[in-house]
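> can't give you the sequence, but here's the structure:
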């Protein structure tokens, strides 16, 4: 029993905009660049696209701007575990026969720098102002702060030390050095990491993803149609989305076994593959503690064992499960999960050059942590 | 967080309830960056999630005060104190419990 239903879905095109810090270009510009490159990658025309979904901007706006076909299906995504949400729903729409070829977007503009925030210039994403009084009054304004709470509790329960996070950072940077798309590429030693300042102890600045302006686009279609297109076929084997708490991360009664653990259960129920089959992993690193929770949640290492897994070299190119081979969002910039999908696809196509994992047949990518999470298992077709 | 309905029993008949002010430390983070102008001259400060003595999993977001970093330990017993943030606006903070 693998819980599969409907048509088999493939990923046939991927593309980024000219990603960078404070590019001066708006959402539409980044969406259009990413879409154009994803179409070129796939060998498709704009009028071949009959479904669109995005987190960031408006899918119908992008579709009209780009000259897509009349949309048979569209979805604008709100608060949710990042790019996995439009990607997951795009695949569902195709499996169900509601669309043939869907473009999924994540368009994200660099947030104001801390100096602007400190001057009261912006108050970001507060979905429920009634809850805010119970956080803001104590000086809790930033996701970096719940990350500090999660990481502190995680270290307490598992015995993980900051050395594991230093090694994690060093490994990710070694991948970034091999990736032309990465924004930060200079080598980083574990000692340099440990000398970096805390933002919200034990979270250091180098544990945080790197804000930037980024457009990402991924094209999903049927397996049948994918066989006629330009690229090696990459199939969606299984996917899952979990939500286990409201958006108050800092009040979760268990900060160690969070939504990635639940999501992992759901994912493996829906496939004949097992964690031992995974050749490459691409696991959200909004903060590095998030990737560690995903390694455990997906069963790629034992519960509580992610720190040892990292220290033993498990995430390296020659490790048990090469992880975040593009360098992660800490180095390629905050593309909010789309980079993990795109890197997984490129690994399965064999297009990763010096960071290519030999014989990659199965890749998993994942987004989210805490209250919500999503993951997608891809295979070489 | 206050909600119009109880997620355990479905009741809409909800009201504030007095608690003991005792709690244990679930997790904490020392914040070195001011994310709002009010906190510019208050960093670093300790943000904490505490579990109230009344109920397992009943978490509250607060500040930890009157404790040196070396003495902070997850699971430590805490008691409530109060701070006036601005005139008329008082918040509950927590400090190490005094042994009885």
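The structure has been received and is ready for your questions. Treat the numbers as computed from the prediction; the structure is a model and nothing was measured. Numbers count the residues shown, from 1 in each chain, chains lettered A, B, ... in the order given.
> need the contact list for the nearest residue to residue B:82 once chain neighbours are set aside.
Spatial nearest neighbour of residue B:82, excluding adjacent residues (CB to CB, 6 or more residues apart in numbering or on different chains): residue B:90 at 5.2 Å. No exception for glycine: its C-beta is placed from N, CA and C like everyone else's. Residues near residue B:90 by CB atoms under 8 Å, 6 or more residues apart in numbering or on different chains: B:82, B:83, B:84.
> who wins for most neighbours among those residues?
residue B:83 (13 neighbours; other CB atoms under 10 Å in any protein chain shown).
> Specify the local secondary structure of it.
Here residue B:83 is recorded as strand under DSSP: H, G, I helix; E, B strand; the rest coil.
> hang on, it packs against residue B:89?
No - if you go by CB atoms under 8 Å, residue B:83 and residue B:89 don't touch, sitting 9.6 Å apart.
> how about the nearest residue to residue B:97, chain neighbours excluded?
Nearest non-adjacent residue to residue B:97 (CB to CB, 6+ apart): residue B:77, at 4.0 Å.
> need the contact list for the nearest residue to residue A:304 once chain neighbours are set aside.
Closest residue to residue A:304 apart from its sequence neighbours, by CB to CB, 6+ apart: residue A:158 at 4.2 Å. By CB under 8 Å, 6+ apart, the contact list for residue A:158 reads A:256, A:304, A:305, A:306, A:307.
> Give me the subset of those lying in helices.
Mapping those onto helices (DSSP state H) picks out A:306, A:307.
> of all the contacts of residue A:158, which comes closest to chain B?
Chain B has its nearest neighbour among those in residue A:256, at 9.9 Å by CB to the nearest CB.
> picking that back up, what's the burial count for the residue nearest to residue B:97?
Number of residues near residue B:77 (other CB under 10 Å) recorded here: 14.
> pLDDT score assigned to it?
Listed pLDDT for residue B:77 reads 98.
> Any figure for the gap between it and residue A:137?
23 Å (CB to CB, to the nearest Å).
> Tell me where the model's unsure across the stretch 51-200 of chain A.
A:112-129 (pLDDT under 70).
> Run through the residues that contact residue A:59.
Applying CB under 8 Å, 6+ apart, we find residue A:59 in contact with A:52, A:53, A:71, A:74, A:75, A:76, A:105.
> make it 10 Å
Residue A:59 makes contact with A:31, A:51-53, A:68, A:71, A:73-77, A:86, A:102-105, according to CB atoms under 10 Å, 6 or more residues apart in numbering or on different chains.
> what's the answer for residue A:260, then?
A:81, A:242, A:244, A:267, A:283-284, A:290-298, A:366-370, A:372-375.
> Now do the SS call for it.
On the basis of three-state DSSP, residue A:260 is classed as helix.
> Likewise for residue A:164?
Look at residue A:164: counting by three-state DSSP, its state is helix.
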